[in-house]
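*Asks:* model the following, please.
(one chain, ligands or ions: 3)
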Amino acid sequence: MALRLRVHIQGIVQGVGFRPFIYQLAHHHRLNGYVANTPKGVEIEVEGDRKALQHFLKELPELTPPLAIITQIDTEELPAADYNRFEIKSSEQGEERAALISPDTTTCTDCLRELFDQQDRRYLYPFINCTNCGPRYTIINDIPYDRPKTSMAVFTMCDDCEREYHNPLDRRFHAQPNACWVCGPQVYLADSAGKDLGSEDAISETASLLNQGAIIALKGLGGFHLAVDATHDEAVERLRWRKGREEKPLALMSSSLEQIERYALIGEEERQLLTSPQRPIVIVPKRPGNVIAPEVAPRNRYFGVMLPYTPLHHLLLSHPFLALVMTSGNISEEPIAIDNHEALERLGNIADYFLLHNRDILLRSDDSVLRIAEGRPRQIRRSRGYVPVPIFLRKPVPEVLALGGELKGTICLTKENRAFVGQHIGDLENLETLEFLEQTVDHLRRILEVSPRLLVHDLHPDYLTTQVAEAQEELPTLAVQHHHAHVVSCMAEHGLKDKVLGLALDGTGFGADGTVWGGEILVSDESSYERVAHFEYVPMPGGAKAIKEPWRMAVAYLWATFGEDIFQDELQLFERWDRHQIGVLLQMMQRGVNSPLTSSCGRLFDGVAAIAGLKDRIAYEGQAAIELEQWLEPTTEKYQYEYKEDEEKLLLSPTAIFRQVYEDAVSGVAPELISGKFHLTLVEMFTEVSLYLCQLHGLDKVVCSGGVFQNVFLLENLEARLRKSGLDVYTPQLIPANDACISLGQAVVGAMRLEEQ
Ligand code: ZN
Ligand code: ZN
Ligand code: FE
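*Replies:* Ligands and ions are numbered 1, 2, ... in the order given. Coordinates of the predicted model:
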């Protein structure tokens, strides 16, 4: 006897080939009925015998198209309606507005096969794509996601493409960016002034220029890359010099895992991550004796590597390169260039040639960066491939907009039970980046149809984002403390509701008492917190300068530990640092001039790195801490740590640690061992303190967030120790531990406060 099922599916199920998939699955099981898009997702009715329906329901989530993400399936049984066929119902106007939009996705295997098939009409076509792959987020202007609302609008499909587009059984049914040699976008090679060089085969020509050591600006999916042959020492040096990017590692792209293995060490988890449809940059250890130019990642034991993710990359890397440097097309910290004119203007002094095309990038999106820690992928920069997939919250919340912090900025919008964290924006220290933030807010508000009731920003009065919030009158505002936002972001990711012990360890965040916080333990829920422990304050002589110059922090910690007299010693340690400048710093600290107080944990790493002789000045954020971790030699020795009870709080002592770090340094203990002891000390101390505080406050959950948790040693060991002690530990995975998570935490705090009103 025939049975009818109605199935509602929610998630990313529109614009990803979901309806044709259902059509084919229903046909396969000889079921009649229909499939249609609805405002919430997809509705299906299927009718047939019970066995066939069971198979259909079982296979549906298993065989779902690669870009689809199913978040919920609801089924109800109904009396038979005697359908005589299965059909795809066309969408009604406006239906698709509330649906989720897919991120940009790597070229699929079917398209790749066609790309290199001489018989195929898209042979070597650099914009080949289908419903299972290609650009999405970066070419959308508005919803519904239809071709006229994308940057493909200016290209009219030829008859062949049109036919594919309208055939439900074709791989390109409703593939909005569908295109071919005849009707779609084209690439061309230009000189640094933008003049088309009229090359017959622009990509092969580009490859041979790269071979000769040229720097090429490549227009990609979410923005421009600057590319050079990664084995060409001189070209890499020239690129680094022209780009003004002193020591930060440059990303690499290779054609295959086999190629990557020739210069890096990759484990099973890394392989999976590298070949995932998101195709992120993955941080992997260098292979000793590799032939990659040293300037790619100087003073670093790791490379950032990725596989090709657009047809253009595949074509370029079909030429015999071991690896290409593919670094974002910007000058130091400015946003990545996306527009042809803008790129020529901004990158004209860096690149020798430009490989351009005529499909506009509507929203910039950098490459995402991840690494494996504790066997799981961890976000470092969450952007292309992951945005705009939401973080699913534990329940529906009011709509709010959060502007994030200052460094590694992101924004966040909430809607129902979803939090949409936007792509990496960069450090909000200049107007270009602020403009990018505003574009991203507009764009996401439009495509997600969110009407926020509250604008959330950081507590810091001087942040550009705080100024933006204060300058507008559209929405009421709320300031959220930085470390509370850290803790709540991780709670949100793991769906936690009740009070937790939050370890927020990072470099800098404006504290509720006006000092610079950064080594904080909070008892926190989603709307409020109590600060139950922190590092004792030390001055940061020179303020922001002390962050760029770790030797200043070393002087501050030594001063706090031993007093001024220590600097009278004729020690080699102080030889490296300017005597006169030390004197100036001491005076500043004594008088409290330009020496804000900090409880930062990140600065601790800086101080240790400087005293151990590893790093006195840094070229990018967190460099001293990163290098300290890379030098680490595991040991069972640790430093004695101290903390004391002060009113309601525990004060953790940096000076107890620095006394011993100093003694080690002057008695010639190797930096590797100092690093090892220091890391172990933090693990032991935070384990003991967490246990004590959990008991004191009746808690059993510990939540970790903050840039310090990008330190794999600390993350893995602290998590293991706390687990062993019987506590539940939650660490960031879907979003970065660094300040890119601040907007999510802010949004959830804001939404909860609205609810409480
Ligand atoms: Zn495809
Ligand atoms: Zn065509
Ligand atoms: Fe932070």
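*Asks:* where along the stretch 1-150 of the chain do the strands fall?
*Replies:* 3-12, 32-38, 41-48, 69-78, 86-88 (DSSP state E, counting those that start in this stretch).
*Asks:* hmm, who's touching the fourth one?
*Replies:* Pointing back at strand 69-78 there. Here strand 69-78 makes contact (C-beta atoms under 8 Å, 6 or more residues apart in numbering) with 3-13, 41, 45, 57, 60-61, 64, 100, 389, 392. For every residue, glycine as well, the C-beta is placed using N, CA and C.
*Asks:* now restrict these to buried residues only.
*Replies:* Among these, those scoring as buried are 3-5, 7, 9-13, 41, 45, 57, 60, 64, 100, 389, 392 (criterion: 16 or more other C-beta atoms under 10 Å).
*Asks:* which residue would be the closest one in the stretch 1-150 of the chain to ligand 2?
*Replies:* R121 (8.2 Å; C-beta to the ion).
*Asks:* need the contact partners of the helix or strand bottoming out on mean pLDDT in the chain.
*Replies:* One helix or strand of the chain scores below all others by mean pLDDT, DSSP states H and E: helix 572-575, with a mean of 83. For helix 572-575, contacts defined as C-beta under 8 Å, 6+ apart pick out F567, I582, I611, G613, Y662, A665, V666.
*Asks:* following it, which helix or strand shows up next?
*Replies:* Scanning forward in sequence from helix 572-575 by DSSP states H and E, the next helix or strand is helix 579-591.
*Asks:* what packs against whatever helix or strand comes next after that following helix?
*Replies:* Scanning forward in sequence from helix 579-591 by DSSP H and E, the next helix or strand is strand 597-598. Using 3 or more C-beta pairs under 8 Å, 6 or more residues apart in numbering; DSSP states H and E, the elements in contact with strand 597-598 are strand 516-524, strand 538-539.
*Asks:* strand 597-598: how far from the chain's middle?
*Replies:* 29 Å (C-alpha atoms, centre = their mean, to the nearest Å).
*Asks:* can you tell me the average pLDDT over it?
*Replies:* The average pLDDT for strand 597-598 rounds to 98.
*Asks:* going forward, begin numbering at 53 instead of 1
*Replies:* In the new numbering, first residue 53, that becomes strand 649-650.
*Asks:* what about the residue in the chain positioned nearest to ligand 3, is that helix, strand or coil?
*Replies:* Of all residues in the chain, D558 sits closest to ligand 3, at 3.5 Å by C-beta to the ion. Here D558 is strand, with the state taken from DSSP: H, G, I helix; E, B strand; the rest coil.
*Asks:* how about it, nearest residue that isn't a chain neighbour?
*Replies:* G758 (3.5 Å; C-beta to C-beta, 6 or more residues apart in numbering).
*Asks:* show me what contacts that neighbour?
*Replies:* The contact partners of G758, taken as C-beta under 8 Å, 6+ apart, are H535, H538, L555, A556, L557, D558, G570, C653, A789, N790.
*Asks:* show me which positions of the helix or strand containing the second one end up buried.
*Replies:* If I follow you right, that is H538. Taking DSSP H and E as the definition, H538 sits inside helix 534-545. Across helix 534-545, burial judged by 16+ other C-beta under 10 Å covers H534, H535, H536, A537, H538, V539, V540, S541, C542, M543, A544, E545.
*Asks:* dump the residue contacts of the last one.
*Replies:* Right, E545. Per C-beta under 8 Å, 6+ apart, neighbours of E545: I443, Y782, P784, Q785, L786, I787, L796.
*Asks:* which residues does the second one bridge with?
*Replies:* According to DSSP bridges, the partner residues bridging Y782 are V755.
*Asks:* tally of neighbours for the spatially closest residue to E257 that is not a sequence neighbour?
*Replies:* Spatially, and ignoring its direct neighbours in sequence, E257 is nearest to S251 (4.5 Å; C-beta to C-beta, 6+ apart). S251 has 16 neighbours, counted by other C-beta atoms under 10 Å.
*Asks:* done for today, thanks.
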